[in-house]
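Student: 3D model of this:
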Amino acid sequence: MKKLVAEFIGTLWLVLGGCGSAVLAAGYPELGIGFVGVSLAFGLTVLTMAYAIGHVSGCHLNPAVSIGLWMGGRFDKKDLIPYIIAQVLGGIAGAGILYLIASGKEGFDLIGSGFAANGFGEHSPDGYGMTAALVTEIVMTFMFLIVILGATHSKAPKGFGGLAIGLALTLIHLISIPVTNTSVNPARSTSQALFVGDWAMGQLWLFWVAPIVGALIAGIVYKYVSPEEA
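Tutor: A predicted model of the protein is given here:
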């Protein structure tokens, strides 16, 4: 239960910090942090939580990460569903807090703002289609899991895993925000889609399927290329 509470809190922080920066700060007149700032915010949420709860739950914060670690032989199958439930609930809680804050400003338009939801086609930030979104999310999640599996390997340099993983997520956002608003995390996508509804819920399937496929491939590939555990 302690692990599940940690995953809940960590995923809440990821959504509140990452999506919150996009909704509240990215487009602020003159002082907006832009998509580079949003990318950094997502990376910082994972980096900070890696050192805060990594020793408690492993700091997955993401169903695709849990599935990829299981496929890579690093995570017990019996914990998979409870972790995913905790992550999705944490994401929803983070989105709920973000909505309470954002709606406190007069004129806030939940649907019009997009609420940092993920999408493709006309809902892609730069108009990318479904195929581009699918490829992007599979490849970005694959690379994210390769970094995670490598940085947390017993033979990797100690103490730097959180830094490598946080920077990897920052880089992933720098690449893919224009395409899909960057998911690589079904819990993060679900939390925002539930509030936006309509098109976001209709496109949510891609942001579950693609990250899970990317994570499964990464788990298989890393088991093949990785050295033996100490």
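Student: from now on I want contacts and neighbour counts done on CA atoms only, so please keep to that.
Tutor: Fine.
Student: for the one residue sitting closest to the centre of the chain, which non-adjacent residue is spatially closest?
Tutor: Per Cα atoms, centre = their mean, the C-alpha nearest to the average position across the chain is that of residue 185, at 3.7 Å. Closest residue to residue 185 in three dimensions, ignoring its sequence neighbours and counting by Cα to Cα, 6 or more residues apart in numbering: residue 62, at 5.3 Å.
Student: hmm, who's touching stretch 145-160?
Tutor: Contacting residues not belonging to stretch 145-160 are listed as 65, 68-69, 72, 161, 164-165, 168, 215, 218-219, 222, 226, 229-230 [Cα atoms under 8 Å, 6 or more residues apart in numbering].
Student: distance from that stretch to the middle of the chain?
Tutor: Taking the mean C-alpha point of stretch 145-160 and that of its whole chain, the gap between them comes to 18 Å (Cα atoms, centre = their mean, to the nearest Å).
Student: how about it, which residues are buried there?
Tutor: Taking 16 or more other Cα atoms under 10 Å as the basis for neighbour counts, the residues of stretch 145-160 that come out buried are 145, 146, 147, 148, 149, 150, 151, 152, 153.
Student: now render those residues as TSV, adding secondary structure, pLDDT and distance to residue 102.
Tutor: Conversion of the buried residues of stretch 145-160 to TSV gives the following (DSSP: H, G, I helix; E, B strand; the rest coil; pLDDT from 0 to 100; distance: Cα to Cα, whole Å):
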residue	secondary structure	pLDDT	distance to residue 102
145	helix	96	32
146	helix	95	35
147	helix	96	34
148	helix	95	33
149	helix	94	36
150	helix	92	38
151	helix	92	36
152	coil	90	36
153	coil	88	40
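Student: how deep is residue 76 tucked in, by neighbour count?
Tutor: Under the neighbour criterion other Cα atoms under 10 Å, residue 76 is assigned a count of 12.
Student: and for it, nearest residue in space, chain neighbours not counted?
Tutor: Of all residues beyond its chain neighbours, the one nearest residue 76 is residue 70 (6.3 Å), with distances taken as Cα to Cα, 6+ apart.
Student: tell me who's in contact with the one you found.
Tutor: Residues in contact with residue 70 (Cα under 8 Å, 6+ apart) are 76, 77, 80, 219.
Student: please apply the same query to residue 181.
Tutor: Here residue 181 is in contact with 116, 117, 118, 119, 124, 125, 173 (criterion: Cα under 8 Å, 6+ apart).
Student: inside strands: which ones of the residues you listed?
Tutor: Applying DSSP state E to the contacts of residue 181, no entry is found in strands.
Student: the host helix or strand of residue 209 packs against which elements?
Tutor: Taking DSSP states H and E as the definition, one finds residue 209 inside helix 206-225. Using 3 or more Cα pairs under 8 Å, 6 or more residues apart in numbering; DSSP states H and E as the contact criterion, the secondary-structure elements in contact with helix 206-225 are helix 63-71, helix 130-151, helix 186-196.
Student: still on that earlier bit, top of the contacts of residue 70 by neighbour count?
Tutor: Each of these was scored for neighbours by other Cα under 10 Å, and residue 219 scores highest at 23 neighbours.
Student: nearest spatial neighbour of it, skipping sequence neighbours?
Tutor: Of all residues beyond its chain neighbours, the one nearest residue 219 is residue 72 (4.0 Å), with distances taken as Cα to Cα, 6+ apart.
Student: perfect, that will be all.
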